[in-house]
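# pasting the structure only:
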């Protein structure tokens with residue numbers, strides 16, 4: 001089935017085979033948010049501190065509006081944020097921009113890569129990771145099923161598509177290669193700033209591509225392309241995307257951020273118990289995604305599966321500090337941590353219910 005029926009898919013797969021995937025123009029800047037701010041009543045709901053004041057929060061999500069953000073859409077639409085005394089504005093940003101804006105206070109809280117937090121804090125950016133969204137690290141390398149790539153060692157000498165040499169995908173790739181005694185100099189890196197690496201894999205322009213377990217493999221499967229997936233989980237427990245806020249914002253809006261976190265995690269519980277709630281909220285926020293409901297259901301199911309930390313089996317949101325220490329040690333060994341930093345500087349559990 002062609003994937004061009006959805007604008008978000010066109011952005012994700014910017015280049016494609018004409019017979020299987022229609023190309024579409026893709027902007028290098030972040031798209032506008034599909035969400036409106038949560039409305040407050042004229043009298044005002046009870047605020048997080050027990051007053052009638054309403055606290056405004058700007059919340060940053062990933063680059064492309066997606067069913068992967070269903071919990072935020074649901075908490076906004078069912079009034080959970082408003083009931084907690086919050087006026088929430090959702091906006092989309094690529095991860096490097098989000099991390100920078102959170103540090104500057106332009107975004108109050110956002111979903112950012114844990115692997116981006118470590119080098120950022122090491123370089124003095126005043127941010128902290130406050131809740132886990134993806135308990136299982138979602139970044140992967142995928143290749144066409146039936147190709148010669150079935151293990152990390154098979155990547156030697158191959159062309160690998162990636163959005164850029166930054167973020168969780170880049171660190172994950174380095175981890176996979178290191179596990180096989182390889183480095184990025186042993187492969188050919190092909191950058192796709194427009195996130196078209198999976199379409200390039202389909203075309204045969206690259207041998208493998210980075211992606212997320214709850215996105216590209218499902219998209220390609222629905223386009224008739226089976227894939228082999230290489231995961232970093234068995235190598236090192238890298239921290240998945242989670243809620244990130246600025247240290248100054250944490251101090252100034254602590255109660256509001258705690259209320260936001262509680263409502264978001266509760267929405268995750270609701271969606272895990274009844275995925276249709278997440279799908280309906282997504283279709284209300286991003287109507288074009290309803291054009292392929294079976295696909296969205298598959299993506300959401302795969303997303304829900306990543307929310308749980310299979311190592312700790314902790315509740316949603318819990319921060320695996322032991323895993324963070326392993327990740328910090330690993331990234332330090334790769335030379336990705338410019339200055340010494342401690343886990344206590346990277347994470348803060350005070351917002352968790």
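Cool, the structure landed. Computed from a prediction, not measured in an experiment: that's the story for all the values here.
# what distance separates the start and the end of stretch 304-315?
Terminal residues of stretch 304-315 lie 13 Å apart, using CA to CA, to the nearest Å.
# and the pLDDT for residue 330?
pLDDT for residue 330: 89.
# burial check on the closest residue to it other than its chain neighbours, number of neighbours?
Excluding its sequence neighbours, the residue lying closest to residue 330 (CB to CB, 6 or more residues apart in numbering) is residue 236, at 4.6 Å. C-betas here are computed from N, CA, C, even on glycine. Using other CB atoms under 10 Å, residue 236 has 19 other residues around it.
# also residue 275?
Neighbour count for residue 275, taken as other CB under 10 Å: 18.
# again, but for residue 267
Residue 267, neighbours per other CB under 10 Å, totals 25.
# residue 77 is in contact with that one, correct?
No: Residue 267 is not in contact with residue 77 according to CB atoms under 8 Å; the separation is 9.6 Å.
# I'd like to know which elements the helix or strand where residue 331 lies is packed against.
Using DSSP states H and E, residue 331 falls within helix 321-333. Contacts defined by 3 or more CB pairs under 8 Å, 6 or more residues apart in numbering; DSSP states H and E place helix 321-333 against helix 114-122, helix 343-346.
# okay, angle between it and helix 114-122 too, please.
If you take axes from the mean of the first three to the mean of the last three CA atoms, to 10 degrees, helix 321-333 sits at 70 degrees to helix 114-122.
# low pLDDT regions in this protein?
The chain contains residues with pLDDT under 70 at 1-52.
# that older thread, check which residues of the helix holding residue 331 are buried.
The neighbour-count check on helix 321-333 (16 or more other CB atoms under 10 Å) flags 323, 324, 326, 327, 328, 330, 331, 332 as buried.
# and which of the residues you listed is nearest residue 189?
residue 331 (18.5 Å; CB to CB).
# OK, contacts around the closest one?
Residues counted as contacts of residue 331 (CB atoms under 8 Å, 6 or more residues apart in numbering) are 115, 118, 119, 171, 337.
# from those, which is closest to residue 99?
residue 119 (9.5 Å).
# helices of this protein, residue ranges please.
7-12, 70-77, 80-83, 95-104, 114-122, 167-179, 197-203, 216-222, 247-252, 254-273, 275-285, 293-307, 321-333, 343-346 (DSSP state H).
# which one of the ones you listed lies nearest to residue 139?
For the helices of the chain, distance to residue 139 was read as CB to CB. The smallest value, 4.1 Å, belongs to helix 167-179.
# what is the closest one packed up against?
Applying 3+ CB pairs under 8 Å, 6+ apart, one finds that helix 167-179 makes contact with helix 95-104, helix 114-122, strand 139-144, strand 159-162, strand 208-212.
# what angle do it and helix 95-104 make?
Using the same axes, to 10 degrees: helix 167-179 against helix 95-104 is 120 degrees.
# tell me the gap between helix 167-179 and the middle of its chain.
Chain-centre distance of helix 167-179: 16 Å, with CA atoms, centre = their mean, to the nearest Å.
# mind listing residues that contact it?
In this structure, residues lying in contact with helix 167-179 by CB under 8 Å, 6+ apart are 95-96, 113-116, 137-141, 152, 155, 160, 162-164, 183-184, 186-187, 210-211, 230, 232, 235-236, 238, 240-241, 330-331, 334, 336.
# can I get the buried part of these as one ChimeraX selection?
In ChimeraX, a selection of the buried entries from these looks like this (16+ other CB under 10 Å):
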select :95,113,114,115,116,137,138,139,140,141,152,155,160,162,163,164,187,210,211,230,232,235,236,238,240,241,330,331,336
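# related to what we said a few turns ago, to residue 133, which of the helices and strands packed on helix 167-179 lies closest?
With CB to CB as the yardstick, what comes closest out of the helices and strands packed on helix 167-179 is helix 114-122 (9.5 Å).
# how about residues contacting that closest one?
Counting by CB under 8 Å, 6+ apart, 95-96, 99, 103, 127-129, 132, 166-168, 171-172, 238-242, 244, 324, 327-328, 331, 336-341, 345-346 sit against helix 114-122.
# residue 128 against residue 244, yeah?
Yes: using CB under 8 Å, residue 128 is in contact with residue 244, at 7.1 Å.
# pull the number of nearby residues for the residue nearest to residue 77 when sequence neighbours are not counted.
Leaving aside its chain neighbours, residue 77 sits nearest to residue 281 (5.2 Å; criterion: CB to CB, 6+ apart). Counted with other CB under 10 Å, residues neighbouring residue 281 total 24.
# distance of residue 281 relative to residue 202?
Between residue 281 and residue 202 the distance is 30 Å, computed by CB to CB, to the nearest Å.
# residue contacts, residue 262?
With contact taken as CB under 8 Å, 6+ apart, residue 262 is in contact with 84, 353.
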